[in-house]
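Engineer: Model the following, please.
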Amino acid sequence: MSVNKNKRTERLKSLISSHADFPKPGITFRNIFPILRNPDAFDDLLCLIIEEIKSKAQLPDVIVGLDARGFLLGPVIALRLGIGFVPVRKVGKLPGKVEQVTYQLEYGTDTLEMEANAIKSNQNVIVIDDLIALGGTAAAACQLIRKHSATVLQCISVVELVALKGRDKIDAPVFSVIQF
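Structural biologist: Below you'll find the model as predicted:
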């Protein structure tokens, strides 16, 4: 990583606020909103992600953003790359025909949905979210994308909680801008 990239990454990390015992006891919430409130920092974040995407041999045809913070980053990244954006939402939030995947949580299950015609066969896709913790949501999104016979090039997050080893559950390359 270049010095400039390291410097930008450290600056972004310093802006993330931490909130102990939120949303429940024992969890430390990493809040990216201070980055989004700072236009220079937000631009640095977007640029770091776009630089990562452009560094690869294969460029994406579409960006998939995960409900809900992936919706804050995904459309802007897609716009800057000149490609489409597709939201993946929690069950019951999208109109029309949808594809679904249900996945295991630590306690129970959850379901993600995507509009049935949103991604075409053989398209190359990048998944964007704010956080990789246990990896279940990103892994489920990859399953959903592959149901459309598309290729997941990479899953990208702003923050990764490394000790939780969520990337091990994701069947695609993973890039995180900031690690805790």
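Engineer: Output the contacting helices and strands for the host helix or strand of Cys142.
Structural biologist: Per DSSP states H and E, Cys142 falls inside helix 136-146. Applying 3 or more CB pairs under 8 Å, 6 or more residues apart in numbering; DSSP states H and E, one finds that helix 136-146 makes contact with strand 62-66, strand 98-105, strand 108-115, strand 124-132, strand 151-160. For the C-beta atoms, the positions are set from N, CA and C on the backbone; glycine is no exception.
Engineer: Pipe those strands into JSON lines and attach mean neighbour count and mean pLDDT per row.
Structural biologist: Listed next are the helices and strands packed on helix 136-146 as JSON lines, based on neighbours: other CB atoms under 10 Å; pLDDT from 0 to 100:
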{"stretch": "strand 62-66", "mean neighbour count": "25", "mean pLDDT": "98"}
{"stretch": "strand 98-105", "mean neighbour count": "15", "mean pLDDT": "94"}
{"stretch": "strand 108-115", "mean neighbour count": "16", "mean pLDDT": "95"}
{"stretch": "strand 124-132", "mean neighbour count": "25", "mean pLDDT": "98"}
{"stretch": "strand 151-160", "mean neighbour count": "23", "mean pLDDT": "98"}
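Engineer: Turn those into a markdown table, columns for distance to Phe85.
Structural biologist: Converted to a markdown table, the helices and strands packed on helix 136-146 look like this (distance: least, CB to CB, whole Å):
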| stretch | distance to Phe85 |
| --- | --- |
| strand 62-66 | 5 |
| strand 98-105 | 17 |
| strand 108-115 | 12 |
| strand 124-132 | 9 |
| strand 151-160 | 14 |
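Engineer: Tell me which of these sits nearest to Val91.
Structural biologist: Of all those, it is strand 108-115 that lies closest to Val91, at 4.1 Å by CB to CB.
Engineer: how far off strand 98-105 does that closest one point, in degrees?
Structural biologist: Inter-element angle recorded for strand 108-115 and strand 98-105: 160 degrees (by axes from the mean of the first three to the mean of the last three CA atoms, to 10 degrees).
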